[in-house]
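Visitor: Predicted model, plus sequence, below.
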Amino acid sequence: MSQVRHQQETLTELRQFRSDLTTHVEPLMLSVRQNKEETHALRLELEKLQRQIAKVQKHNAEVLSQLTQLQQTQLMAQAEEMPRSMVAEKLSQDRDKVILGSREWVWIDNIDQHLKARIDTGATTSSISAVNQVQFERNGEKWIRFDLTTRKQSFTVEAPILRWAQIQQASSETPEKRAVVELWIQVGKLRQKVEFTLSDRRNMRYPLLMGREFFKDIALIDVGRSYIQGKARTENSAKRNSAKPAVDSSAELSQKHSQKLSTNHSGDMN
């Protein structure tokens, strides 16, 4: 009898344990299902927001194109009201300006290479893709070394720090401090020293963004065309490259080897 009673008590305890376990497990399973449903709902909401963003971007592009056409119409209307001498002067000034597309090839002296750039009429300053930034001193001046990285290549660039800029991103409440450097570039017949803020643009389609400070008063932008100027190259760079010996130095070979190793054959993306 004692043994039977013990077995019954054990069975009762097991049943109670199973009941307690079920009581704890069921809320957990319910919570898991709810989390899955919430995750799915969030994913659907994210996809909806992405579609809305795409529509807004398309609308903005259309508005920008309309504004450009409106500005051209206003200029024509103003020209009709101007004295002929002023009209002739205005036309002469515009003929002297370079026509740039919404995207252009930019030659950079520091790396002796052309890179794709986005010509952004909505941006004030220009920016360049820069990762692995290291500050150092040279001849008592503050310099910075960074990797100019595209989706296909990476180049090491060294330049004096011109100043520091506070950049406010739309996605962040806190301004970002960025170094500003000057680099010699050329687009078509435009050759000048341009200020660039250093920014990580590895996830962007274009490693360079050229803002209004670069092209104001010297160029007109045709947003409906791209690569109007082609791959212009400075005479100094061409002469410098043609004067290089047939056999590269060990340092140059090492640099080329490192650049080759860093080559990534993925395609361009926005």
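Guide: Structure received.
Visitor: which of the residues in stretch 156-170 are buried?
Guide: Across stretch 156-170, burial judged by 16 or more other CB atoms under 10 Å covers Thr156, Val157, Ala159, Ile161, Leu162, Ala165. All C-beta atoms are positioned from the backbone trio N, CA, C, and that covers glycine.
Visitor: do you know how far the residue nearest to the fourth one when sequence neighbours are not counted is from Trp184?
Guide: Once flanking residues are discounted, Ile161 sits nearest to Lys142: 4.5 Å by CB to CB, 6 or more residues apart in numbering. To Trp184, Lys142 is 20 Å away according to CB to CB, to the nearest Å.
Visitor: got it, and Leu100?
Guide: Between Leu100 and Trp184 the computed distance is 18 Å (CB to CB).
Visitor: more crowded one of those two?
Guide: It is Leu100, of Leu100 and Trp184, that has more neighbours when counted by other CB atoms under 10 Å, with 27 against 15.
Visitor: so what's that one bridging to?
Guide: Counting by DSSP bridges, Leu100 forms beta bridges with Ile221.
Visitor: Adjust the sequence numbering to begin at 7 for everything that follows.
Guide: In the new count, where the first residue is 7, that last one comes out as Leu106.
Visitor: who's in contact with it?
Guide: For Leu106, the contact set (CB atoms under 8 Å, 6 or more residues apart in numbering) comprises Ile125, Val193, Gly194, Phe221, Ala225, Leu226, Ile227, Asp228, Ile234, Gln235.
Visitor: Wait, a helix at Ile76?
Guide: Residue 76: Leu, not Ile. Yes: going by DSSP: H, G, I helix; E, B strand; the rest coil, the assignment for Leu76 places it inside a helix.
Visitor: Now the element after the lengthiest strand in the chain, going C-ward?
Guide: Longest strand in the chain by number of residues, with DSSP state E as the criterion: strand 182-193. Sequence-wise, the next helix or strand downstream of strand 182-193 (DSSP states H and E) is strand 196-205.
Visitor: next helix or strand past that following strand?
Guide: In the C-terminal direction, the helix or strand that comes right after strand 196-205 (DSSP H and E) is strand 214-216.
Visitor: Each with direction, which strands does that next one pair with?
Guide: strand 119-125 (parallel), strand 132-135 (antiparallel).
Visitor: which other residues reach it?
Guide: So strand 214-216 is in contact with 110, 112, 121-126, 129, 132-135, 193, 200, 202, 207, going by CB under 8 Å, 6+ apart.
Visitor: give me that answer again for 7 Å
Guide: Residues outside strand 214-216 that contact it (CB atoms under 7 Å, 6 or more residues apart in numbering): Val112, Leu121, Ala123, Arg124, Ile125, Asp126, Ala129, Ser132, Ser133, Ile134.
Visitor: shaky segments in this protein?
Guide: Screening the chain residue by residue with the criterion pLDDT under 70, one finds the ranges 9, 83-101, 175-178, 239-276.
Visitor: Please enumerate the strands of it.
Guide: With DSSP E as the definition, the chain shows strands at residue ranges 104-107, 109-114, 119-125, 132-135, 137-144, 147-155, 160-166, 169-173, 182-193, 196-205, 214-216, 225-228.
Visitor: would you list the ones you listed in CSV and tack on distance to Ile59?
Guide: Formatted as CSV, the strands of the chain follow (distance: least, CB to CB, whole Å):
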stretch, distance to Ile59
strand 104-107, 25
strand 109-114, 21
strand 119-125, 18
strand 132-135, 21
strand 137-144, 26
strand 147-155, 26
strand 160-166, 30
strand 169-173, 21
strand 182-193, 22
strand 196-205, 21
strand 214-216, 19
strand 225-228, 24
